[in-house]
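Student: only geometry, no sequence info:
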């Protein structure tokens with residue numbers, strides 16, 4: 001006997017199954033890398049100190065040294081605060097953008113001091129670029145770590161999917177934002193069920209005319225996340241209810257065939273509700289597909 005089952009949810013790695021680095025290894029790597037990043041920041045500041053001080057002397061005179069020092073200290077404060085905000089899962093990208101603008105300004109002043117020399121320009125820009133890359137690597141690591149432990153951060157859609165299917169990826173991204181779906185695999189599953197409901201409406205009311213012929217309740221339901229499918233029946237009572245609903249669906253299918261029509265979701269749902277059953281739209285879609293398949297198999301015999 002054919003009974004509808006919930007759509008399979010793509011299996012994703014559970015938190016307990018994720019491979020996490022050993023705390024000791026993380027501690028040693030952090031201890032080794034943090035001083036190197038700090039040294040890179042100091043060297044970059046010293047490398048541009050003289051050039052920026054000389055550029056500021058016409059405007060600040062003897063206090064020109066406070067310009068490069070103030071800019072470097074401000075950049076470090078902004079980046080450190082940005083990393084802290086990322087760690088607390090309260091990102092505010094303005095901090096990072098302002099720091100980038102200041103770094104770009106220091107690079108521009110230093111490149112102009114090279115007087116058009118390509119080698120000099122590359123040398124002046126090398127350490128700031130390395131420092132930005134290192135900081136962005138740390139920020140990416142924090143974002144990934146916070147994303148694994150936070151239930152509010154929305155997972156990104158893989159770049160490969162954007163390249164291979166840009167339109168469907170845009171629709172998936174839009175629904176993940178509107179429905180606040182945090183996991184990419186869960187978003188794929190909900191998108192699949194959404195498309196199944198749309199295809200059922202198209203089959204019942206026409207490929208294009210379903211947008212105004214379908215019942216308002218069914219059209220409004222498309223703007224909400226599909227209901228989470230319940231687990232497969234584990235008890236005899238649930239299995240018995242499924243058998244009863246399938247029997248009603250088969251009977252209604254025979255009535256519709258005698259009338260020369262086609263079984264539709266709203267009619268089956270109304271019949272089941274009159275019989276005292278409550279069922280989700282996606283279950284109605286599966287049930288209709290099951291009885292149609294049974295009917296087609298009997299006709300083939």
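Tutor: Nice, I can see it. As the structure is a prediction and not an experimental result, all values here were calculated from the model.
Student: who are the packing partners of the host helix or strand of residue 31?
Tutor: Using DSSP states H and E, residue 31 maps to helix 23-60. If contacts are counted by 3 or more C-beta pairs under 8 Å, 6 or more residues apart in numbering; DSSP states H and E, helix 23-60 sits against helix 66-87, helix 94-112, helix 118-149. C-betas here are computed from N, CA, C, even on glycine.
Student: buried residues, that helix. List them.
Tutor: Along helix 23-60, these residues count as buried under the neighbour rule (16 or more other C-beta atoms under 10 Å): 40, 41, 44, 45, 47, 48, 49, 51, 52, 53, 55, 56.
Student: of the residues you listed, the lowest pLDDT goes to which?
Tutor: The member of these with the lowest pLDDT is residue 47, at 78.
Student: for it, give me its contacts.
Tutor: Each residue near residue 47 by C-beta atoms under 8 Å, 6 or more residues apart in numbering is listed here: 110, 124, 127.
Student: before we move on, what about residue 36?
Tutor: Neighbours of residue 36 in contact, by C-beta under 8 Å, 6+ apart: none.
Student: go again with 10 Å.
Tutor: residue 134 (C-beta atoms under 10 Å, 6 or more residues apart in numbering).
Student: thinking again about what came up before, how about JSON lines for the buried residues of helix 23-60, with distance to residue 114 added?
Tutor: Shown next, in JSON lines, are the buried residues of helix 23-60 (distance: C-beta to C-beta, whole Å):
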{"residue": "40", "distance to residue 114": "21"}
{"residue": "41", "distance to residue 114": "22"}
{"residue": "44", "distance to residue 114": "16"}
{"residue": "45", "distance to residue 114": "18"}
{"residue": "47", "distance to residue 114": "12"}
{"residue": "48", "distance to residue 114": "12"}
{"residue": "49", "distance to residue 114": "16"}
{"residue": "51", "distance to residue 114": "9"}
{"residue": "52", "distance to residue 114": "14"}
{"residue": "53", "distance to residue 114": "17"}
{"residue": "55", "distance to residue 114": "13"}
{"residue": "56", "distance to residue 114": "18"}
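Student: of the residues you listed, which is the nearest to residue 95?
Tutor: Nearest to residue 95 among those, counting by C-beta to C-beta, is residue 41 at 16.1 Å.
Student: for the residue of the chain positioned farthest from its centre, give its distance to residue 71.
Tutor: For the chain, the residue at maximal distance from the C-alpha centroid (C-alpha atoms, centre = their mean) is residue 62, at 52.7 Å. Applying C-beta to C-beta, to the nearest Å, the value for residue 62 to residue 71 is 18 Å.
Student: kindly report the same for residue 37.
Tutor: 18 Å.
Student: please apply the same query to residue 220.
Tutor: Applying C-beta to C-beta, the value for residue 220 to residue 71 is 55 Å.
Student: then residue 40?
Tutor: As defined by C-beta to C-beta, residue 40 lies at a distance of 16 Å from residue 71.
Student: quick check on residue 90: phi, psi?
Tutor: phi -130, psi 60 (degrees, to the nearest 10).
Student: okay, now the unreliable bits of the stretch 1-150 of the chain?
Tutor: For the stretch 1-150 of the chain, applying pLDDT under 70 flags the ranges 1-22, 147-150.
Student: make it 80
Tutor: For the stretch 1-150 of the chain, the stretches with pLDDT under 80 are 1-26, 47, 89, 113-117, 120, 124, 143-150.
Student: mind checking how far the helix or strand where residue 197 lies is from the chain centre?
Tutor: If you go by DSSP H and E, residue 197 is part of helix 184-205. Relative to its chain's centre, helix 184-205 lies at 18 Å (C-alpha atoms, centre = their mean, to the nearest Å).
Student: list the buried residues for that helix?
Tutor: Buried, per 16+ other C-beta under 10 Å, within helix 184-205: 184, 186-191, 193-194, 196-198, 200-201, 203-205.
Student: do stretch 74-84 as well
Tutor: Across stretch 74-84, burial judged by 16+ other C-beta under 10 Å covers 75, 76, 78, 79, 82, 83.
Student: list the contacts of the second one.
Tutor: Contacts of residue 76 were listed using C-beta under 10 Å, 6+ apart, and they are 38, 41, 42, 45, 99, 131, 135.
Student: in three-state terms, label residue 289 for me.
Tutor: The local conformation at residue 289, judged by DSSP: H, G, I helix; E, B strand; the rest coil, is helix.
Student: what's around it, how many residues?
Tutor: By the measure other C-beta atoms under 10 Å, the count of residues near residue 289 is 15.
Student: any idea how far residue 128 is from it?
Tutor: Distance from residue 289 to residue 128, by C-beta to C-beta: 60 Å.
Student: helix or strand: which one has residue 173?
Tutor: Residue 173 belongs to helix 166-178, assigned by DSSP H and E.
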